[in-house]
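> Fold the following for me, if possible:
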Amino acid sequence: MIIDVSHYQGNIDWNLARKVLDFVIMRASIGQKNDDKYQEYAKKCEIPFGVYHYLKAGNREETVAEANYFYNAATANGLAPKFFCADIEYSSQTAANVKEISEVFADTLRARGVKKIGLYIGQSLYPYANKEKYDFIWIPRYGKNTGEADENYAPKYPCDLWQYASVGRIPGIPERVDLNKLYGNKDVKWFIGEEEKSMSEKFTSPHFVEFVKGFVGQPYWYGTCVYKCTDSLLNSKKVQYPDHYTADRMNKYKANISNNLLCSDCVGLIKGYFWTNGGEGVLESIGKPVAQFKNIYKSNNMPDKSANGMFDYAKSLGLDWGTMDTMPEIPGLAVRMDHHVGVYIGNGEVVEERGFAYGCVKTKLKDRKWLNWYKIPNLKYIENENTDTDNKVEGINLELLGAKLLKEGARGSNVVELQKALNLVMDADLVVDGDFGPATKEAVKKFQEQQHLTVDGDYGPITNKAMVEVLKSMEKPVEPEPEPIPEQEPVPVPQPSSKILVTTANVNIRTGDSTDYNVIQAVTGGTILEPVLGKDEKPLVSANGWYAVKQEGQIGWVSGKYV
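The predicted structure follows:
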């Protein structure tokens, strides 16, 4: 059985409900608001689940914003839905605009790395939506709405899921619930199993960086896209771009051909990575008798755009971008100046197709007048963080944390470490999304106020020094190796602790075992809490690491990360 739920279903007893369900589809968000029950349902259901978003958007800009909001809400706190779905039925979506809205929503999620996307849509709007952008279609049609699937009222359009009733009764769910059934050639395993890697999983930033580095020393040919240098290509480009393929340059072009080199222009280096299936066989072909490279993989996953057009496309999808003073340390980012792009490869270096006189070169980021950085569409960014354990405290990378000034508008791995630190030290409950927004700024200001620093919300060297000191004060000392115990002496058995010590500056005690629950009381570092003991006389701890404690005449919960 397949159901979909939202906060309207109330308090679900998942121990009962999961016994009759194949999987469940949960509403994660509506408009730009979280569903009140999503986090609770997702953590407690213990069965595979997908998510859907109820769109209120009526134009492109609103759709991009809602798609990004949906992704952040659905994946917050490490949740990993099996699939994502757009629910298009709101009054602002019409036959006139639903094609654009459906396209933009899917494109934005693809750019965030989502590989399996569905479209929930009624039959009145079905003909106008772009179904090709989606991996499955979900149609509601109830007929007499008796709780049974009546084939007389089956969807008249092809679909993969049929929502056939809204009055279902499921054990453990107090309210009536929507019922669904498979109605195409996709089985349960398709929805909840592992599928072939998506474009965004296949094309990763480390692989892309190695690809562009391989082009250093290769020539620049205007209007080309990781082609092998040949006479036929040169003749074609001479006709297409006569100003760039002049007689005084011909000897150099001929030498490139005779030396079996590869050519590209600046944006062609980026597009070519995707259009040749991750550079499949491109670099290996140098010196080998292979056929001319063609855009045989060219598809909507990377459109044919100019340098400026690629930047505008990334912005339109809601991808991270900014001016150079906010650039994070993430290899694989594109850097842009007017009509020209390069690829940041880390350590302050850029690979760029610089022009006829230079070819593809490696330059210093600081030596060129770049205007913007941005994330490349359909590239899965895997941030190359320093994993040296000497450089980490409580799982926070101190090198990234203090690498640069961070302020509102900054994005990237540095901000991720800051948000993790603020959550640990201040119990800030921030979504760790790498986006320095108003909530992160407010948490920085509270930390600065607590540390008697200048309260401006910017995370600079002085604030970082104070943060590192607090983090290191929380670090557990390394216990010395115990002296070996002679075999004849009995080994003492450690007794479970009957007290819980608060080890961070401030921590909230809540009514349940996650930050979704209300705060009973905030306590300071050094506070001793009385645990609730189980049958084994050990402190009671939940599956996600929260301890039950007796507080203010009731049972409360405190995160094990702070005690």
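
> Could you identify the helix or strand that succeeds the stretch of helix or strand residue 212 belongs to?
With secondary structure defined by DSSP states H and E, residue 212 is part of helix 205-213. Later in the chain than helix 205-213, the nearest helix or strand by DSSP H and E is strand 227-228.

> looking at this protein, which helix or strand is least sure?
When the helices and strands of the chain are scored by mean pLDDT, DSSP states H and E, helix 199-202 comes last with a mean of 57.

> How much space separates residue 253 from residue 498?
Counting by Cβ to Cβ, to the nearest Å, the gap from residue 253 to residue 498 is 81 Å. Heads up, the C-betas are built off the backbone N, CA and C, glycines and all.

> Between these two, which has more neighbouring residues?
The neighbour comparison of residue 253 against residue 498 (other Cβ atoms under 10 Å) goes to residue 253, with 21 against 11.

> Test my guess that that one contacts residue 231.
No - contact criterion Cβ atoms under 8 Å: residue 253 and residue 231 do not qualify, at 9.4 Å.

> which SS class is the nearest residue to residue 303 once chain neighbours are set aside?
Using Cβ to Cβ, 6 or more residues apart in numbering and skipping residues adjacent in sequence, the residue nearest residue 303 is residue 313, 6.6 Å away. Taken by DSSP: H, G, I helix; E, B strand; the rest coil, the conformation at residue 313 corresponds to helix.

> start the count at 354, not 1, going forward
OK, 354 is where the count begins now, so the last one is residue 666.

> pretty sure residue 666 contacts residue 659?
No - counting by Cβ under 8 Å, residue 666 sits too far from residue 659 to count as a contact (9.9 Å).

> which of these two has more neighbours?
Set side by side, residue 666 and residue 659 give different neighbour counts by other Cβ under 10 Å, the larger being at residue 666 (19 against 13).

> Would you mind listing the residues in contact with residue 425?
With Cβ atoms under 8 Å, 6 or more residues apart in numbering as the criterion, the residues that contact residue 425 are 784, 786.

> Now do the SS call for it.
For residue 425, the assignment made with three-state DSSP gives helix.

> where are the low-confidence patches of the stretch 554-703 of the chain?
The stretch 554-703 of the chain contains residues with pLDDT under 70 at 554-555, 640-654.

> The same query, at a cut-off of 50, please.
Across the stretch 554-703 of the chain, the stretches falling below the confidence threshold (pLDDT under 50) are 642-645, 648-649, 653.

> just the helices in it please.
Counting by DSSP state H, counting those that start in this stretch, one finds helices in the stretch 554-703 of the chain at the ranges 558-566, 584-593, 603-611, 619-628, 660-669.

> nearest to residue 441, of those?
Put simply, out of those the one that sits nearest residue 441 is helix 660-669, at 19.5 Å, with distance taken as Cβ to Cβ.

> Beyond the host helix or strand of residue 797, next helix or strand please.
Counting by DSSP H and E, the element that carries residue 797 is helix 791-803. Moving toward the C-terminus from helix 791-803, the next helix or strand (DSSP H and E) is helix 814-827.

> Can you spell out which helices and strands pack onto the helix or strand just after that next one?
Later in the chain than helix 814-827, the nearest helix or strand by DSSP H and E is strand 853-854. Here strand 853-854 touches strand 881-884, going by 3 or more Cβ pairs under 8 Å, 6 or more residues apart in numbering; DSSP states H and E.

> Go ahead and produce CSV holding the CA coordinates of the next helix or strand after the strand it packs on.
Under the assignment DSSP H and E, the closest C-terminal helix or strand after strand 881-884 is strand 899-904. This file holds the C-alpha atoms of strand 899-904, laid out as CSV (Å, rounded to 0.1, in the frame of the first residue of the first chain):
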residue,chain,number,x,y,z
TRP,A,899,19.3,12.2,23.0
TYR,A,900,19.2,11.5,26.8
ALA,A,901,16.1,11.5,28.8
VAL,A,902,16.4,13.6,32.0
LYS,A,903,14.2,14.7,34.9
GLN,A,904,13.7,18.4,34.7
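
> What average pLDDT does strand 899-904 get?
Averaged across strand 899-904, the pLDDT comes to 84.

> which residues make contact with the next helix-or-strand element following that strand from outside it?
With elements assigned by DSSP H and E, the helix or strand that comes after strand 899-904 is strand 907-912. Under the contact criterion Cβ under 8 Å, 6+ apart, strand 907-912 has outside partners 853, 855, 860-866, 870, 873-874, 882, 885, 895, 898-903.

> No further questions, thank you.
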